[in-house]
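1. how would this look folded up:
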Amino acid sequence: MKRSTLFFLVLALGFAAAACRSGGTAIGKPMEERPAVHFAVVDAAPQEYFDRTVLVEATVTAVCQNSGCWMQIQDEGRSALVRWETGCGGEYAFPKDAAGKRVLIQGTFCKKSLSREEVEHLKEESRGKVDVPLETYEFNASAVRILD
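-> Predicted coordinates for the structure are as follows:
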């Protein structure tokens, strides 16, 4: 593929992501203007995205059914946890009915090690709808837009 074709494809995807930001349900802080990246792209080279603010698009697979303090996302078979940067019981909550919906997530990305107790706790809060490995990735979200 020629560089010019690739450039225009990336540019078009950026405009499409910007258009998506105007619809749906916004939660959290205002979303900054930046190109959206599919989570599968982030997961393919995670070290390039660690500890910096990114905007990712993915599908929600599970949400904490107690207080909406976390959700799990997936894109092309790759998954991560998403929590609010303000923590559980903070100012914002993920909609408990968001599973199956596409989302844009603005936040920082990092590696996350979980204990067996934490994994069991997540399973309980999702009513058994989440399968989280002990070594995973996590977004600390400042803004979320539910697209569907």
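
2. okay, now the unreliable bits of the chain?
-> 1-22, 148 (pLDDT under 70).

3. CA atoms of the helix or strand harbouring V144 as CSV?
-> V144 is part of strand 135-146, with elements assigned from DSSP states H and E. The C-alpha trace of strand 135-146 is given here as CSV (Å, rounded to 0.1, in the frame of the first residue of the first chain):
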residue,chain,number,x,y,z
GLU,A,135,-1.6,-10.5,34.2
THR,A,136,-3.7,-8.1,32.2
TYR,A,137,-3.8,-4.5,31.0
GLU,A,138,-5.9,-1.7,32.4
PHE,A,139,-7.1,1.7,31.3
ASN,A,140,-7.6,4.4,34.0
ALA,A,141,-10.4,6.3,32.3
SER,A,142,-11.1,10.0,32.5
ALA,A,143,-13.9,10.0,29.9
VAL,A,144,-16.0,7.4,28.2
ARG,A,145,-18.6,7.6,25.4
ILE,A,146,-21.0,4.8,24.9
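
4. what strands line up against it, and which way round?
-> strand 25-28 (antiparallel), strand 78-84 (parallel), strand 102-113 (antiparallel) (DSSP bridges).

5. now it: how far from the chain's centre is it?
-> 4 Å (CA atoms, centre = their mean, to the nearest Å).

6. sorry, back to before: could the strands paired with strand 135-146 go into JSON lines alongside mean neighbour count and distance to H121?
-> All C-beta atoms are positioned from the backbone trio N, CA, C, and that covers glycine. What follows is those, written out as JSON lines (neighbours: other CB atoms under 10 Å; distance: least, CB to CB, whole Å):
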{"stretch": "strand 25-28", "mean neighbour count": "17", "distance to H121": "23"}
{"stretch": "strand 78-84", "mean neighbour count": "21", "distance to H121": "12"}
{"stretch": "strand 102-113", "mean neighbour count": "19", "distance to H121": "14"}
